[in-house]
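J.: Sequence first, predicted coordinates after that:
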2 protein chains.
Amino acid sequence: MQKTAKSLGSKKKAGARLRGHIWLDGSEGTFLGYGRVALMERIREYGSITRAAKALEISYRRAWVMIDSMNRQAPKPFVVTSAGGRGGGGTLVTEDGERAVRLFWKFHEDFQKFLEKEGNKLGVSPIKNKKEKK
Amino acid sequence: MQKTAKSLGSKKKAGARLRGHIWLDGSEGTFLGYGRVALMERIREYGSITRAAKALEISYRRAWVMIDSMNRQAPKPFVVTSAGGRGGGGTLVTEDGERAVRLFWKFHEDFQKFLEKEGNKLGVSPIKNKKEKK
DNA sequence: GAGCGTAATATACAATTATGAATAACGAAA
DNA sequence: TTTCGTTATTCATAATTGTATATTACGCTC
C-alpha cells in the first residue's frame, strides 16, 4: 500500500466518450429497445419475420421471441402475423407499432443530444469516433 | 395478413417506463460503468480486491479483470495494488479514481433527470414501479 | 528466514444464452 | 386437394460468459 498519486490526472480522461443504451421497460422487463425497433423496421420492409431475421443476421427464433414479448406487453399488438395463405403468410407492423418506432427514435435522438451536452458539461472528450478526419 | 388496427392504442403505453444504462468508453471498450464504480467504492471501503469482490458477490477474477482494464485505459491508475507486506497487501483507490467515481455519479444523476423529463415529454408513463394504486 | 494474507494468474467447469435444424400447422390459390 | 412459403414450436448443440479452485509471487512482520 503506497504510492499516493501526487499530481492529478488529466481532466479529459484522454479520449473517453460518454455512451449509453436506452429502452422501454414493460411488465415483463424489456418492452422496446434498439433490437426490437430494428426488427420492426425490417418487418415493415420485407413483410416477413423470416426475411427480417436474415437481414438482421439473427435467428428466426430470437426474432420471434422479441415480437412475442413485445406484443404481449403492448396494449395492442405492434405487429400482426399470419401463417398460411398467399405467399405462405406474413407479418406487418401496425399503426401502433409504427408510432412506437417513431417514439423510440425521438427518445434516442434526445438521448444523443443529452450525451453531447453532458460530455461538454463534465469535460469528457467530445471525440466522436476512431478514425474521423477533417 | 389482415387486421389493420383501426383505433389507435393508448398513448401512455400502459405503464411502460423509460430506462437506460450509461458508461464511459475508452480505447478498449468499456472504461467506466456501474460495475467498476461499485467496485471502486467497495475497494475504498475494504482496502482489498478479495473482500470487495465478496461484498459484491462477484468472483475475484472478474473484479481483477475490471480493475486491470480500467487502469490500462486511464491516463493514471484509478486503483493501486500491492501484494505482500503487512496484512498481505491490499488495494486502494487513487485521487483520480475518486474523481472518476464522483464524475460518474454526476453523469448518472443528470441521466436520471433526463429520463424523468423525457418521460413527461414523450407522454410515457411516469409510473415508477409496479403495483401502485390510486 | 518462516508465517501470513493478499495480489496475480492459469485452467477446468458451470451456467447462461444463442443458434441451427427439424417438424407441424396454417390457409389462400391453382 | 395439392402446392407453397410462412409462422410456430421443439430440441440438441454451439458459443459465450462467469465461477470455482489451485498455485505462485509478493513483502512486511516477527
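T.: Yes, it's here.

J.: C-alpha only now, for contacts and for neighbours.
T.: Will do.

J.: right, and residue A:39 touches residue A:51 too?
T.: No - counting by CA atoms under 8 Å, residue A:39 sits too far from residue A:51 to count as a contact (10.3 Å).

J.: between those two, who's got more neighbours?
T.: residue A:39 (22 against 16; other CA atoms under 10 Å in any protein chain shown).

J.: Excluding covalently adjacent residues, which one is nearest to that one?
T.: residue A:52 (6.6 Å; CA to CA, 6 or more residues apart in numbering or on different chains).

J.: Next, the contact list for the one you found, please.
T.: By CA atoms under 8 Å, 6 or more residues apart in numbering or on different chains, the contact set of residue A:52 is A:39, A:42-43, A:45-46.

J.: any chance of the residues you listed in a markdown table, with secondary structure, distance to residue B:119 and pLDDT too?
T.: Converted to a markdown table, those look like this (DSSP: H, G, I helix; E, B strand; the rest coil; distance: CA to CA, whole Å; pLDDT from 0 to 100):
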| residue | secondary structure | distance to residue B:119 | pLDDT |
| --- | --- | --- | --- |
| A:39 | helix | 23 | 97 |
| A:42 | helix | 27 | 96 |
| A:43 | helix | 27 | 96 |
| A:45 | helix | 29 | 95 |
| A:46 | helix | 32 | 94 |
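
J.: Up against DNA strand D, what does chain A have?
T.: The interface of chain A toward DNA strand D, taken as CA under 7 Å from any atom of the strand, is made up of A:47-51, A:60-61, A:64, A:81-91.

J.: Now, those residues that are in helices?
T.: A:49-51, A:60-61, A:64 (DSSP state H).

J.: Turn the residues you listed into TSV, including distance to DNA strand C.
T.: Output for these, formatted as TSV (distance: CA to the nearest atom of the strand, whole Å):
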residue	distance to DNA strand C
A:49	13
A:50	11
A:51	13
A:60	7
A:61	6
A:64	10
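
J.: Show the buried residues in the residues of chain A next to DNA strand D.
T.: A:47-51, A:60, A:81, A:90-91 (16 or more other CA atoms under 10 Å in any protein chain shown).

J.: Rebuild these as JSON lines, extending it with pLDDT.
T.: Conversion of these to JSON lines gives the following (pLDDT from 0 to 100):
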{"residue": "A:47", "pLDDT": "94"}
{"residue": "A:48", "pLDDT": "94"}
{"residue": "A:49", "pLDDT": "96"}
{"residue": "A:50", "pLDDT": "95"}
{"residue": "A:51", "pLDDT": "94"}
{"residue": "A:60", "pLDDT": "96"}
{"residue": "A:81", "pLDDT": "95"}
{"residue": "A:90", "pLDDT": "89"}
{"residue": "A:91", "pLDDT": "95"}
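
J.: how far away is the closest residue to residue A:42 other than its chain neighbours from chain B?
T.: Excluding the flanking residues, the one nearest residue A:42 by CA to CA, 6+ apart is residue A:52, at 5.0 Å. Look at residue A:52 and chain B: by CA to the nearest CA, to the nearest Å, they are 16 Å apart.

J.: Check residue A:52 and give its pLDDT.
T.: Looking at residue A:52, its pLDDT is 95.

J.: next one: residue A:28
T.: pLDDT, residue A:28: 89.

J.: Over to residue A:124?
T.: For residue A:124, the predicted pLDDT is 88.

J.: Quick test: name the residue nearest the centre of chain A.
T.: residue A:34 (1.4 Å; CA atoms, centre = their mean).

J.: Mind giving me the packing neighbours of the lengthiest helix in chain A?
T.: Longest helix of chain A, by residue count under DSSP H: helix A:95-122. Helices and strands touching helix A:95-122, by 3 or more CA pairs under 8 Å, 6 or more residues apart in numbering or on different chains; DSSP states H and E, are strand A:17-26, helix A:34-46, helix B:95-122.

J.: can you pull the buried residues of the last one?
T.: Of the residues in helix B:95-122, those buried by neighbour count under the rule 16+ other CA under 10 Å are B:95-98, B:100-101, B:104, B:107-108, B:111-112, B:115-116, B:118-119.

J.: got it, and stretch A:24-32?
T.: By 16+ other CA under 10 Å, the buried positions in stretch A:24-32 come out as A:24-27, A:30-32.

J.: and what of stretch A:33-41?
T.: Along stretch A:33-41, these residues count as buried under the neighbour rule (16+ other CA under 10 Å): A:33, A:36-37, A:39-41.
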